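[1] kindly generate the corresponding structure for this input.
(chains A and B, ligands or ions: 2)
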Protein chains: 2
Amino acid sequence: MQKTPAGPELDHLIKLLSGLPGLGPRSAKRAALYLLKRREQMMEPLAAALHDAAEKVVPCDVCGNWDSRNPCAICSDPERDDGTICVVQDVADLWALERAGAHRGKYHVLGGVISPLDGIGPDDLNIASLAQRASAAGIKEIILATAATVDGQTTAHYVTDRLDGTGVEVTRLSHGVPVGGELDYLDEGTLAAALKARRPF
Amino acid sequence: MQKTPAGPELDHLIKLLSGLPGLGPRSAKRAALYLLKRREQMMEPLAAALHDAAEKVVPCDVCGNWDSRNPCAICSDPERDDGTICVVQDVADLWALERAGAHRGKYHVLGGVISPLDGIGPDDLNIASLAQRASAAGIKEIILATAATVDGQTTAHYVTDRLDGTGVEVTRLSHGVPVGGELDYLDEGTLAAALKARRPF
Ligand SMILES: [Zn+2]
Ligand SMILES: [Zn+2]
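    Ligands and ions are numbered 1, 2, ... in the order given. Okay, the predicted model is just below:
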């Protein structure tokens, strides 16, 4: 990273900002200048918010979701169905499903996928705690919502094996044409899956 | 901004992050999750760096550049020519010129441009301090490096008028074809300016 003429404090800040996803070295410089112009309104509040979130937001002991409550707001919600657990790779996927508003049960965050290339095995993920939850009374269905990638599907198969014998129904998200999606932008795998899973109109 | 299920601390952080140039609501969420996964290595250091820079980086009393030294490193550098002052709109422009390494004099940061539409007049900019510097002994040349926009050029004209009578030579950056630039991507104004300012080959 090229240094600015502004001294070590600002260079250090720019270096850290440029490590954020979505910000490169150039936009990190712009962001730093933007913040310096708004010390009281933005820069100090952002420092405080980072510190505050780092201190208070913790993984939920039950499901692995992040929240400043523990158990998290979703696990603590009596309106949500305890019998259905949706398994996601990451908190970002949980957020995406919550935005869709289609799942009214609970979640379980694996914290990643099995990836031999990256040295991530089953024991590095929250799979044991999922097996434990699945064997509790009242659990009817585990919905696997890992990504439709090789690693995501490997992980889904591994989780299914681990849940074998619990008697719980294991389902997965359907593959198909995204709503509003044009067919000729889709890859053949998705098209083949959508055709195979066709339903009466 | 749509709330996450993660509680007010994280929502507040995401809202602040999404105010940064280059980060929208979606990338602010990604950045927040990225930071939460790296509390000790990234999140707390970033909070500290923001706080540190907000406290230590100040505008130079002489030229308006930002630095943790005051006067700034450039103003304090005895190797740089005191007789030539390059006038820029913003600290980002000073950084760009320093990257180019072509200016070995000093700078003066106006802090913006005259913009009647935005309610910014000459008195909102560091023009009086420039006029004062220009009338000091030993100043030979003021290089105007404001943007080639209407507001930038209005500001350059205003500054030139204010420097009238100081006897200092006032110059501006040349217009022309960017190095490596293809002619047919350039606007007609630039091409006309490049043609008019043509030089012997
Ligand atoms: Zn939870
Ligand atoms: Zn200075």
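[2] helix or strand: which one has A:A192?
    Using DSSP states H and E, A:A192 maps to helix A:188-196.
[3] in that helix, which residues are buried?
    The neighbour-count check on helix A:188-196 (16 or more other Cβ atoms under 10 Å in any protein chain shown) flags A:T190, A:A193, A:A194 as buried. (Glycine included, C-beta is placed from N, CA and C.)
[4] for B:G176, state which of those residues is nearest.
    A:T190 (50.3 Å; Cβ to Cβ).
[5] contact partners for A:V170?
    A:E141, A:I142, A:L144, A:V159, A:T160, A:L163 (Cβ atoms under 8 Å, 6 or more residues apart in numbering or on different chains).
[6] and for A:E98?
    Counting by Cβ under 8 Å, 6+ apart, A:E98 has contacts A:I74, B:T4, B:P5.
[7] how far away is it from A:P21?
    From A:E98 across to A:P21, the span is 21 Å (Cβ to Cβ, to the nearest Å).
[8] repeat for A:A96
    As judged by Cβ to Cβ, A:A96 and A:P21 stand 16 Å apart.
[9] with adjacent residues omitted, what lies nearest to the residue nearest the centre of chain A?
    Residue closest to the mean C-alpha point of chain A, counted by Cα atoms, centre = their mean, is A:D90 at 2.3 Å. Nearest residue to A:D90 in three dimensions, chain neighbours excluded: A:V109, at 6.7 Å (Cβ to Cβ, 6 or more residues apart in numbering or on different chains).
[10] need phi/psi at the one you found.
    Phi and psi for A:V109, reported as degrees, to the nearest 10, are phi -100, psi 120.
[11] next one: the one 3 residues further on
    For A:G112, the backbone dihedrals (degrees, to the nearest 10) come out as phi 140, psi -170.
[12] and if you look at A:V150?
    Phi and psi for A:V150, reported as degrees, to the nearest 10, are phi -60, psi -50.
[13] please report how far it lies from A:Q132.
    Applying Cβ to Cβ, the value for A:V150 to A:Q132 is 27 Å.
[14] same check on A:A102?
    In terms of Cβ to Cβ, A:A102 sits 26 Å off from A:Q132.
[15] turn the contacts of A:E98 into TSV, including pLDDT, neighbour count and distance to ligand 1.
    Below are the contacts of A:E98 laid out as TSV (pLDDT from 0 to 100; neighbours: other Cβ atoms under 10 Å in any protein chain shown; distance: Cβ to the ion, whole Å):
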residue	pLDDT	neighbour count	distance to ligand 1
A:I74	97	21	5
B:T4	83	22	14
B:P5	83	20	9
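[16] what's the closest of those residues to A:D118?
    Looking across these and measuring by Cβ to Cβ, the closest to A:D118 is B:T4, at 26.5 Å.
[17] do you know how far A:P59 is from A:G119?
    Distance, A:P59 to A:G119, using Cβ to Cβ: 21 Å.
[18] who has more neighbours, the two?
    Neighbour comparison, A:P59 and A:G119: the larger count goes to A:P59, with 17 against 7 (by other Cβ atoms under 10 Å in any protein chain shown).
[19] which non-adjacent residue is nearest that one?
    Spatially, and ignoring its direct neighbours in sequence, A:P59 is nearest to A:W66 (5.9 Å; Cβ to Cβ, 6+ apart).
[20] tell me the contacts of the one you found?
    A:V57, A:V58, A:P59, A:C60, A:C72, A:V91, B:A6, B:L10, B:L33, B:L36.
[21] what residues does stretch A:188-201 touch?
    Stretch A:188-201 is contacted from outside by A:S174, A:H175, A:G176, A:V177, A:L183, A:L186, using Cβ under 8 Å, 6+ apart.
[22] for burial, what's the neighbour tally of the first one?
    Using other Cβ under 10 Å, A:S174 has 9 neighbouring residues.
[23] in three-state terms, label it for me.
    Assigned with DSSP: H, G, I helix; E, B strand; the rest coil, A:S174 falls in the coil class.
[24] from ligand 2, how far off is the residue nearest to it when sequence neighbours are not counted?
    In space, and not counting its chain neighbours, A:S174 is closest to A:A197: 5.9 Å by Cβ to Cβ, 6+ apart. Using Cβ to the ion, to the nearest Å, A:A197 is found at 67 Å from ligand 2.
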